[in-house]
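K.L.:
For reference, the sequence and a predicted model appear below.
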Amino acid sequence: MNIEREETGTLTATLKVKVSPEDYTPGVEKALKEQRKTAAWPGFRPGQVPMNIVKKRVGKNVLIHEVERLISEHLRSYIQNNQLQVLGQPLPLSENIANNNWDEPGEFQFLYEMGLAPTFDVEMQGVSVDYPVVDVNEELVQREISDMQRRFGSMTDAETVANNDLLVGDLIELGAEGAIKAGGLMNRATLSLEHMQDDATRQLFVGRAAGDEVTVDADKVAPSHEELARMLNTDHDGVHHLAGQLLFRIAEIKRMEQVALDQELFDRVYGKDAVTDEAGFRAKVKEGLEHMFRRDSDRIFKRLAMKRMQERASIPLPDAFLKRWVSMNSDKPMTEADLEAGYPGYADGLKRQMVEVKVIEKYGLEAKGEEMNEFAKRYVADQFVQYGMPVPEGEDLQRMAARMLGDQEQIKRMRDTIVEQKLTAHFKAMLSPKEQKLSFDEFVNLARTA
């Protein structure tokens, strides 16, 4: 097999592939013999079908499969041997169909378009990124304490509905005239007023009692079509036609009663006598929130640093090739408008990934074998501690870690975690960021947009 490369642009090339009979004949003949061994066609005993009939029936398909297999294998080897940094994978050009005759096989020729990764460098000199931290104020602390009081509380029955109650009742589809629709959707459903997004709809229920009926807009009773479908015990398509109103007939009113802010709660949250007064409890809650938000701060800071470096790197891409690659590899058919709308996000994500790879390579931040092994052992030990069991030691611990290291998904997870930690530590050391205190809402918004 012969492969030649022709540069067709700054970041694109065409691969000309020639496949001769000498390349594909051995594989085709082997596959046909295997087919003949298992063939059980009418008029012939199993394994006794004449080879000329086997070739006539399946020969073309076998040939196509073998040629495609050879091309895939050799293209992969060509890229590796020539140390080419490609984007996506080579794509066949339409000329492949017109130039080859599968009914009269001889020498086949194919053209593949290839996108090449750009050459660029990353530089941290002059990069400035703040380290975002949440201002854990008294309001946040009180919100967390109230949540704890509810979490450890108990569900009771209530006579009338309040703002945060949980309602059990029948959700019924109404017709255009406001009467119950014959043959319409109906299901016993649970409705959480606490998580209802539309306050006006929530207030329709407040003050009502069991047996009351409340009419609500179908698009306001649930946050999404998926949730509404679940409440009505149907699928997504089943609620698409619901443009009118629904009736909710209240059967039960459930209320979560908070536990008192006292020693019993302190002990249930932090253990016996770990905290002995409300001031100490509040301090402990604040410390826990700050620790929790620190992990989020690290992730946001790392993303912001990557974003700044990406902006400075000015990375070109073979856009026309990549758009074609995205379109051909999409799970669903894409219109031109869909492609143009979605491509900027894809291109930005690709650049971010390339910058991360470059930073890891330039500063030697890849996870090493011994680091992976130590991570696996710590993970195993933590699992035993979590369940209150004695931690294995020595060879026993190493054996358990080795089992984790034999799982490719576990390896990827461990590698990604280690590299993430290294990148964050590296950026902190190189950029010496200043802390930027943000309100909780500002922090959440930054997390969404960073």
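P.N.:
Received, thanks. None of these values were measured; they are calculated from a predicted model. Numbering: from 1, shown residues only.
K.L.:
Pull the contacting residues for residue 11.
P.N.:
Shown in contact with residue 11 (C-beta atoms under 8 Å, 6 or more residues apart in numbering): 87, 115, 116, 117, 118, 316, 317, 318, 321. The C-beta positions use only the backbone N, C-alpha and C, and glycine is treated the same way.
K.L.:
Kindly tell me how buried the second one is, as a neighbour count.
P.N.:
What that stands for is residue 115. 24 (other C-beta atoms under 10 Å).
K.L.:
in what helix or strand does residue 420 lie?
P.N.:
helix 408-431 (DSSP states H and E).
K.L.:
Now find how far off-centre that helix is within its chain.
P.N.:
In terms of C-alpha atoms, centre = their mean, to the nearest Å, the centre of helix 408-431 is found 18 Å from the chain centre.
K.L.:
now for that helix, which elements pack on it?
P.N.:
Contact here means 3 or more C-beta pairs under 8 Å, 6 or more residues apart in numbering; DSSP states H and E; on that basis helix 408-431 packs against helix 278-313, helix 336-362, helix 369-386, helix 394-405.
K.L.:
one more time with 10 Å
P.N.:
With contacts taken as 3 or more C-beta pairs under 10 Å, 6 or more residues apart in numbering; DSSP states H and E, helix 408-431 sits against strand 131-134, helix 278-313, helix 336-362, helix 369-386, helix 394-405.
K.L.:
any residues touching the fourth one, and which ones?
P.N.:
Contacts made with helix 369-386 from outside it, assessed by C-beta atoms under 10 Å, 6 or more residues apart in numbering, are listed as 367-368, 389-393, 396-405, 407, 410-411, 413-415, 417-419, 421-422.
K.L.:
Buried members of those into ChimeraX, please.
P.N.:
Here is the ChimeraX command that selects only those of those that count as buried (16 or more other C-beta atoms under 10 Å):
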select :367,392,397,400,401,404,405,414,415,418,419,421,422
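K.L.:
give the contact list for the residue nearest to residue 55 when sequence neighbours are not counted.
P.N.:
Nearest non-adjacent residue to residue 55, counting by C-beta to C-beta, 6 or more residues apart in numbering: residue 32, 6.3 Å away. Contact partners of residue 32, counting by C-beta under 10 Å, 6+ apart, are 39, 51, 54, 55, 58, 59, 62, 63, 66.
K.L.:
before we move on, what about residue 55?
P.N.:
Residues in contact with residue 55 (C-beta under 10 Å, 6+ apart) are 28, 29, 32, 35, 36, 62, 63.
K.L.:
and those, which two are the farthest apart?
P.N.:
36 and 63 (15.3 Å; C-beta to C-beta).
K.L.:
Surely residue 6 is in a strand?
P.N.:
Yes - counting by DSSP: H, G, I helix; E, B strand; the rest coil, residue 6 falls inside a strand.
K.L.:
Please tell me how far it sits from residue 390.
P.N.:
Computed as C-beta to C-beta, to the nearest Å, the residue 6 to residue 390 distance reads 65 Å.
K.L.:
Domain ranges for this structure, per the record?
P.N.:
Using automatic domain parsing, the domain parsing of the chain gives 2-116, 154-257, 294-449.
K.L.:
Which among those is found nearest to residue 126?
P.N.:
Nearest to residue 126, of the domains of the chain and by C-beta to C-beta, is domain 294-449 at 8.1 Å.
K.L.:
returning to that earlier point: quick one, which of the helices and strands packed on helix 408-431 is packed in tightest?
P.N.:
strand 131-134 (a mean of 20; mean count of other C-beta atoms under 10 Å).
K.L.:
The helix or strand following that strand - contacts with which helices or strands?
P.N.:
Using DSSP H and E, the next helix or strand after strand 131-134 towards the C-terminus is helix 138-151. In terms of contacts (3+ C-beta pairs under 10 Å, 6+ apart), helix 138-151 is packed against strand 245-257, helix 263-270, helix 278-313, helix 440-449.
K.L.:
Report the mean confidence score over the shortest one.
P.N.:
Think helix 263-270. The pLDDT scores in helix 263-270 average 94.
K.L.:
Any stretches of the stretch 101-250 of the chain with poor pLDDT?
P.N.:
By pLDDT under 70, the weakly predicted segments of the stretch 101-250 of the chain are 243.
K.L.:
mind listing the helices in it by residue range?
P.N.:
In the stretch 101-250 of the chain, the helices defined using DSSP state H, counting those that start in this stretch lie at 138-151, 199-205, 225-231.
K.L.:
Let me have those in TSV, adding distance to residue 296 as columns.
P.N.:
Below are those laid out as TSV (distance: least, C-beta to C-beta, whole Å):
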stretch	distance to residue 296
helix 138-151	13
helix 199-205	28
helix 225-231	26
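K.L.:
Nearest to residue 107, out of those?
P.N.:
Residue 107 lies closest, by C-beta to C-beta, to one member of those: helix 225-231, at 54.5 Å.
K.L.:
which other helices and strands contact the closest one?
P.N.:
Applying 3+ C-beta pairs under 10 Å, 6+ apart, one finds that helix 225-231 contacts strand 186-192, strand 245-257.
K.L.:
So the closest residue to residue 410 other than its chain neighbours versus residue 344, what's the distance?
P.N.:
In space, and not counting its chain neighbours, residue 410 is closest to residue 404: 4.8 Å by C-beta to C-beta, 6+ apart. Going from residue 404 to residue 344 by C-beta to C-beta gives 39 Å.
K.L.:
now swap in residue 296 and tell me
P.N.:
Distance from residue 296 to residue 344, by C-beta to C-beta: 26 Å.
K.L.:
Residue 132 too?
P.N.:
Using C-beta to C-beta, one obtains 25 Å as the distance from residue 132 to residue 344.
K.L.:
what do you get for residue 176?
P.N.:
Distance, residue 176 to residue 344, using C-beta to C-beta: 43 Å.
K.L.:
For residue 332, give me its contacts.
P.N.:
By C-beta under 10 Å, 6+ apart, the residues touching residue 332 are residue 338.
K.L.:
try residue 28
P.N.:
Contact partners of residue 28, counting by C-beta under 10 Å, 6+ apart, are 21, 55, 59, 62, 63, 64, 65, 66, 67, 105.
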